[in-house]
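K.L.:
just need the structure, nothing else, for what follows:
(one chain, ligands or ions: 1)
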Amino acid sequence: MDDTIGSNGLVKKSEFIRIIIDALLSLGFGDIAATLEEESRIPLHSNPIKQFLELLKNGEWDRCIDALQGLELRERDDNAARVLLLEQKYLEFLKVENSVDALSTLRMMPPLGVDAERIRELSSKLMSGPGEDTERSVVLEKLRKLFPPAVIIPERRLEHLLETAFDLEVYECMYHNIPDSDLSLCSEHRCEKHKIPSETVQILEEHTDEVWFLKFSHNGKYLASASKDKSAIIWEIDAERKLLVKHKLVGHENPVVTVLWSPDDRQVITCGENEVIKRWDVNSGECVQSYERNGVGSVSCGWFHDGTGIIGAMEDRRIYLWNLDGTEIEHEQDQRAQKLSDVAMTTDGKWLVSVGKEPHKISLFDRVTRAERVIEEDDMITSFSLSKDSKYILIDLTTEMIQLWNIEGEPNKFYGFEGHKRKRLIIRSCFGGYEESFVASGSEDSQVYIWHRREPFLRLRVLPGHSGAVNCVSWNPTDLHMLASASDDGTIRIWGLDKKLN
Ligand SMILES: [Zn+2]
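P.N.:
As a prediction, this is how the structure comes out:
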């Protein structure tokens, strides 16, 4: 039996020390590694391996290939190792322009099962030179993968073990919401409840009526809000993390239902209720273009994934597309089932997402092939939001349920989140926090609800403060500890960490 260390006897002392020696070598501490080998009497490698590595280092290819015999590789791996060594030998002959020996090396490959295609590829180098990397260390890295771990420790094993430990700690940390740079190897990791935004740190009272929508910019430096007061506001976040009005966007004749950031955050589009869609320059606050269709008002809008066009969801329950300059792009998609509260394009530009031809279906429409994927819900859909990577969608249902789906490939239903209240309004939810691990939602009971995306039954926080229905929430994509909520009480609340506990 091997000596073991640690409380449960799983860690073999010899393996532990070999991994440390290997880590010291990879860090460049060769002398200390040698001392450790000597003092512990635990060699990193057996003598046959040491000899093999020495021959490899010196480029003694024939002896190196012979030495493989003593290493007890599986037959398949032994063959692959021979091929790798012969290829290296061949490339090194090419490097010194010794084409005679290069050719005779090449002839040794077919008997080892190297296919004709690879031989052609290699022989073409006779004319063009070795081309690719001929470093011996590169061959060694490839060989490492063929050798059993007991013979040669896989590359950077210690780092890999530590990273695995980090991954596990983060996975098990239910409130995990800190930047990766805050993790430390020196202590057990666990985030407490207070790492989730829960304190009102600022109340924005610039709007003069209900606030219906808000969204942080992709770079996390701005917030945009839309209100029944017919305006939208661009808020800038200063160095003290306070939000200040940058521009009030005035020009709509009706309430503004959405305000959405272009992919580069330099522009926003706003949708006036049953009116027009307007595009604004964030820097100047000027309206640069309006989008409308004769006699048909707009109800929602969206950006193309690359910012080159605008999607309009209109009163006639159809979707229209425009180039930025306002020229219409042909788009043939059937009339939708109901007034559209959201339309969106996935981040790869492939799918146009909207409520389907029936009110309990979401459609993902491919503009090029006209193929359609359908997500079918049990109840009527009021709104939806996509995750940053467009792999997931959150669907808000009339039945006070938020449903999470994976839409990478065939749509696949995960969990439902419930507890928030919704009777008559559109209440919006969003992903947010560390790697979008959380789901937040507004609610008609004036509170903000937060769940863990993986644990729908565990409601992490319920945040009171507003005095009217909370219509929309947005989590700052670059500041994990900043959340915003928009309410019928006419205010926006910015939520941050509880200072007393942090
Ligand atoms: Zn954590």
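
K.L.:
any idea of the pLDDT on Asn502?
P.N.:
Listed pLDDT for Asn502 reads 69.

K.L.:
what's the closest non-adjacent residue to the residue of the stretch 201-350 of the chain found nearest the ion?
P.N.:
Of all residues in the stretch 201-350 of the chain, the one sitting closest to the ion is Gly220 (20.4 Å; C-beta to the ion). Any C-beta I mention is one placed from the backbone N, CA and C, and that applies to glycine too. Distances taken as C-beta to C-beta, 6 or more residues apart in numbering put Thr478 closest to Gly220, at 3.0 Å, once the chain neighbours are dropped.

K.L.:
that neighbour contacts Asn219, doesn't it?
P.N.:
Yes - using C-beta atoms under 8 Å, Thr478 is in contact with Asn219, at 6.5 Å.

K.L.:
just give me the residue closest to the centre of this protein.
P.N.:
Nearest residue to the geometric centre of the chain (C-alpha atoms, centre = their mean): Asp389, 5.4 Å.

K.L.:
host element of the residue nearest to Gly220?
P.N.:
Thr478 belongs to no helix or strand when elements are defined using DSSP states H and E.

K.L.:
what's the distance between the residue of the chain most remote from its centre and the ion?
P.N.:
Relative to the mean C-alpha coordinate of the chain, counting by C-alpha atoms, centre = their mean, the farthest residue is Val100 (51.9 Å). Taking C-beta to the ion, to the nearest Å as the measure, Val100 falls 63 Å from the ion.

K.L.:
can you tell me what sits against the helix or strand that residue falls within?
P.N.:
Using DSSP H and E, Val100 sits within helix 99-107. For helix 99-107, contacts defined as C-beta atoms under 8 Å, 6 or more residues apart in numbering pick out 86, 89-90, 93-94, 119, 122-123, 126.

K.L.:
pLDDT of that helix, averaged?
P.N.:
Here the average pLDDT along helix 99-107 is 90.

K.L.:
relative to the whole chain's centre, how far out is the helix or strand following it?
P.N.:
The helix or strand immediately downstream of helix 99-107 is helix 116-123, counting by DSSP H and E. The chain centroid and the centroid of helix 116-123 are separated by 39 Å under C-alpha atoms, centre = their mean, to the nearest Å.

K.L.:
figure out how far the following helix or strand past helix 116-123 is from the centre of its chain.
P.N.:
Using DSSP H and E, the helix or strand that directly follows helix 116-123 along the chain is helix 125-128. Relative to the mean C-alpha coordinate of its chain, helix 125-128 is positioned 42 Å out (C-alpha atoms, centre = their mean).

K.L.:
tell me the buried residues in helix 125-128?
P.N.:
Within helix 125-128, the residues that count as buried by 16 or more other C-beta atoms under 10 Å are Lys125.

K.L.:
avg pLDDT for whichever helix or strand comes after it?
P.N.:
Following helix 125-128 in sequence order, the next helix or strand is helix 136-144 (DSSP H and E). Averaged over helix 136-144, pLDDT sits at 87.

K.L.:
burial check on the residue of the stretch 201-350 of the chain closest to the ion, number of neighbours?
P.N.:
Look at Gly220: counted by other C-beta atoms under 10 Å, it has 16 neighbours.

K.L.:
quick check, it in a strand?
P.N.:
No - counting by DSSP: H, G, I helix; E, B strand; the rest coil, Gly220 is located in no strand; its state is coil.

K.L.:
so it makes contact with Pro477?
P.N.:
Yes - with contact defined as C-beta under 8 Å, Gly220 reaches Pro477; the gap is 5.3 Å.

K.L.:
would you list every one of the strands in the stretch 151-300 of the chain?
P.N.:
Assignment of strands within the stretch 151-300 of the chain using DSSP state E, counting those that start in this stretch yields the ranges 199-204, 211-216, 222-227, 231-237, 243-250, 256-261, 267-272, 277-281, 287-291, 298-303.
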